[in-house]
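Trainee: need a 3D model of the sequence below.
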Amino acid sequence: MSLHLGIDTGGTFTDFVLYDEAGRELTAWKVLSTPSDPTDAILRGLETIDDVGRIASIRLGTTVATNALLERRGARVAYVATRGFRDVPFIQRGNRRAHYDLTWVKPKPFCLRRDAYELNERVDHHGTVLIPLDETEVRALARKLRDEGEVQAVAVNLMFSFVRPDHELSVREIFAEEAPGLPISLSYEIDPRWKEDQRAMTTLADAYVKPIVGRQVRSFREKVAAAGVTGRMAMMKSNGSEMAAEAAEEQPVHLAVSGPTGGVIGAKHLAALKSIGNLATLDIGGTSTDVALVVKGVERFTDDYELEFGIPLRVPMIDIRTIGAGGGSIASLDKVGGLHVGPHSAGANPGPACYGFGGTQPTVTDANLVLGRIEPDAFLGGRMRLDVEAARRAVATVANPHGWSVERASLAIVRIMNNNMVGALRAVLVEQGHDPRDFALLTYGGAGPLHVCDLLHEANIPRGIIPNHPGQFSAYGFTMADARSDRRRSVLMSSRRFDIDRANAIMEDLSETVLADLRRQGHTSDVTLQRSLQMRYLGQNYELELPLSIDRFTEANLGSVWDDFHRVFEERYRFNLPSESIEVVDMGCTAVAAISKPDLPRLPEGMPEAAPASRRQVVFEEGTLDTPVYRRSDLAAGQSFAGPALVDEDVSVTVVRPGYQLAVDDHGNLEITRA
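Mentor: Residues are numbered from 1 along each chain as shown. As a prediction, the model looks like this:
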């Protein structure tokens, strides 16, 4: 059993990357997704493997939780709160998406108000029980929900449970006795931190998707096992690590941004391989584009994520921004004739018009086909022929009203698509204080290489990289992932009143919890711990994370902790306030179990000049040019050529526009720079 498989289920395609540890070989392929049951596409993809019994591990990135949350297709949830606080998810926060928009309506939480219940209990912020839990009341509620049979999951969020979780744990025990089989989510386990609204929304989201994710994960495990796979099955978490499929059923909210993380993990390892410090990643798929950063060789994490304005999901995840722009993005005219591209997508069914599945609306893929940038007979390695005439008819629907040629309209569609993606790049670069000239741009996804040169030009980024297997790069990243567990807990202490004993007890509990998480998944060796504090000056509203180099707090080392925060604050804001009191808001602990990575072979060196396999007419902004076409499989390390040029491969095409040049590195990655 030497095969390791990464699977990325996207909105249009399901991608597969297989690493043969014995032969040190990578194989990649993709099949059309099946939105009604994503497991069907996975089973079709497994048919490509001769002996599935050799599969040692499968890592799956799934959009099941994401789609259930976005499309509001989750379970009916009962929300259980402390008496007087059941309206927190409905009141939400006082801020508004637009201050002067009188028509804006706040988003609805993942439960109905008639399904919100209160319990007569109360714990204060010190953990003192003011009102004991009324177990009789809890049993009555559990029986009521059981007998009615309408609620499918329960979210429990009691006041200050992050300080003292006794009451929440008791509620779960009682429900297990009175309503066995009813899934229950506790805020103490999902998000044990202060800020009632965020904790409520995150716990509700977990309960909302728990039944549907549980069914899907069980279906995946059972059907894949029935197909003959006996290896370990794991899911990809939003923080870019794996978790056992069984653990994913317990806390499915950690799968909320599962799929896009693989590309960032792969980008991190590619940056280390090529000694690149700063890397911006752009994953352009059929439905959406995901943007992330690797800064100084490290991916960026966040727990301040909003599914939509007012719906926070406060779980650790890689900081990825998503926009509705991809190869399947639909081009349309508004009432006054303005051309728009996205955010709506043709998806996998019916897909772009050129797919021949019944789609008639013009998409970015149709535009690139009309421009000659995609070879219609070579799509998916020749397994799927694209219909050029159908693409031209679709683009004509937005070209004819303006009297444009279909080529001119196609260029406009691509230009608008590029502008949308440049906006996403600037949001993570310029708006975060980064200079684009200090970064390289890694583009992947089926549509990424088609747009790389345009994005380098528009975003003023000096260097572009197209990795091996760009259409399946996220699935490749899954094969590189480690196992990881992140836990945080609010402590609410200050530098002037810091309880060393309590702080050490909380840190020890967090450490044991993350280690136990990994042990349950079978990881007991090569585990490292990283402890941290979320801190701020007294009166501020935002915290900075301070990694800790100590295992325990003592009177002797506490002063260095405060000094380190002053230093980190000054590095971020160019000043500090050494005489001010410091608040410690949260404590955190992360455990990472290192897992063996694929050993990438080097390409043989070839002649300095690469030979094109063919030529075709391609439309650029400079005009229609006779363009050499290279096969990526024919390229060797050290070869280079100047644009205009195309590099064809089974699932993508790299477009090198005039004024740019391409070089092949030792591992087969393509590097593009200005000529």
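
Trainee: buried stuff in the one helix or strand residue 168 maps to?
Mentor: Using DSSP states H and E, residue 168 sits in helix 166-178. For helix 166-178, burial by neighbour count (16 or more other CB atoms under 10 Å) applies to 166, 167, 168, 170, 171, 172, 174, 175, 178. All C-beta spots, glycine's among them, are computed from the backbone N, C-alpha and C.

Trainee: for it, give the mean pLDDT please.
Mentor: Mean per-residue pLDDT for helix 166-178: 97.

Trainee: over to stretch 384-395?
Mentor: Averaged across stretch 384-395, pLDDT comes to 93.

Trainee: quick one: distance of that stretch to the chain centre.
Mentor: From the chain centre to the centre of stretch 384-395 is a distance of 32 Å (CA atoms, centre = their mean, to the nearest Å).

Trainee: same deal with stretch 309-318?
Mentor: Using CA atoms, centre = their mean, the offset of stretch 309-318 from its chain centre is 12 Å.

Trainee: for that stretch, C-alpha coordinates in CSV please.
Mentor: Output of stretch 309-318 as CSV, limited to C-alpha atoms (Å, rounded to 0.1, in the frame of the first residue of the first chain):
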residue,chain,number,x,y,z
PHE,A,309,-21.9,40.0,6.5
GLY,A,310,-23.2,39.3,10.0
ILE,A,311,-22.6,35.5,9.9
PRO,A,312,-19.2,35.0,11.5
LEU,A,313,-17.5,31.5,11.6
ARG,A,314,-14.9,31.8,14.3
VAL,A,315,-12.8,28.7,13.7
PRO,A,316,-9.1,28.5,12.8
MET,A,317,-8.7,28.6,9.0
ILE,A,318,-6.2,29.7,6.3
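
Trainee: and that stretch, what's buried?
Mentor: 310, 311, 312, 313, 314, 315, 316, 317, 318.

Trainee: from these, which is closest to residue 10?
Mentor: residue 318 (17.0 Å; CB to CB).

Trainee: who's in contact with the closest one?
Mentor: 238, 239, 240, 257, 260, 261, 264, 292, 299, 300, 301, 302 (CB atoms under 8 Å, 6 or more residues apart in numbering).

Trainee: need the buried residues of stretch 309-318 in a markdown table with secondary structure, can you?
Mentor: What follows is the buried residues of stretch 309-318, written out as a markdown table (DSSP: H, G, I helix; E, B strand; the rest coil):
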| residue | secondary structure |
| --- | --- |
| 310 | coil |
| 311 | strand |
| 312 | strand |
| 313 | strand |
| 314 | coil |
| 315 | coil |
| 316 | coil |
| 317 | strand |
| 318 | strand |
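
Trainee: can you give the distance of the helix or strand encompassing residue 518 from its chain's centre?
Mentor: Residue 518 belongs to helix 500-520 when assigned by DSSP H and E. Its chain's C-alpha centre and that of helix 500-520 lie 27 Å apart, by CA atoms, centre = their mean.

Trainee: which strands and helices sit next to it?
Mentor: Other helices and strands packing on helix 500-520, by 3 or more CB pairs under 8 Å, 6 or more residues apart in numbering; DSSP states H and E, are strand 483-494, strand 527-537, strand 582-593.

Trainee: among the ones you listed, which is nearest residue 191?
Mentor: Judged by CB to CB, the one of the helices and strands packed on helix 500-520 that comes nearest to residue 191 is strand 483-494, at 8.2 Å.

Trainee: which positions within the closest one qualify as buried?
Mentor: So, applying 16+ other CB under 10 Å, buried residues of strand 483-494: 483, 484, 485, 486, 487, 488, 489, 490, 491, 493.

Trainee: farthest pair within these?
Mentor: Farthest apart among the buried residues of strand 483-494 by CB to CB are 483 and 493. That separation is 31.0 Å.

Trainee: how about the helices in the stretch 301-450 of the chain?
Mentor: Ranges of helices in the stretch 301-450 of the chain, per DSSP state H, counting those that start in this stretch, are 364-370, 388-399, 406-428, 448-459.

Trainee: so for residue 9, which of these sits nearest?
Mentor: Nearest to residue 9 among those is helix 448-459; the distance by CB to CB comes to 18.2 Å.

Trainee: give me the contacts around the closest one.
Mentor: Against helix 448-459 from outside (CB under 8 Å, 6+ apart): 282-284, 327, 368, 373-374, 414-415, 417-419, 421-422, 425-426, 429, 436, 441, 443, 461-464, 466, 470, 643, 647, 652-657, 660, 670, 672, 674.

Trainee: so what's residue 91 closest to, chain neighbours aside?
Mentor: Using CB to CB, 6 or more residues apart in numbering and skipping the chain neighbours, the partner closest in space to residue 91 is residue 197 (7.7 Å).

Trainee: now do the strands in the stretch 151-300 of the chain.
Mentor: Along the stretch 151-300 of the chain, counting by DSSP state E, counting those that start in this stretch, strands occupy 153-157, 184-186, 232-236, 242-244, 279-284, 289-295, 298-299.

Trainee: give me the distance between the residue located most distally from the centre of the chain and residue 174.
Mentor: Residue farthest from the centre of the chain, counting by CA atoms, centre = their mean, is residue 136 at 42.8 Å. Per CB to CB, to the nearest Å, residue 136 is found 10 Å from residue 174.

Trainee: same thing with residue 334?
Mentor: Distance from residue 334 to residue 174, by CB to CB: 56 Å.

Trainee: got it, and residue 229?
Mentor: Counting by CB to CB, the gap from residue 229 to residue 174 is 39 Å.

Trainee: now residue 37
Mentor: In terms of CB to CB, residue 37 sits 36 Å off from residue 174.

Trainee: in the protein, what spans have low per-residue confidence?
Mentor: Within the chain, the ranges that satisfy pLDDT under 70 run 1, 11, 348, 606-608.

Trainee: domain assignment for the chain?
Mentor: Domain segmentation of the chain under automatic domain parsing yields 72-213, 261-323+419-478, 329-416, 483-593, 614-674.
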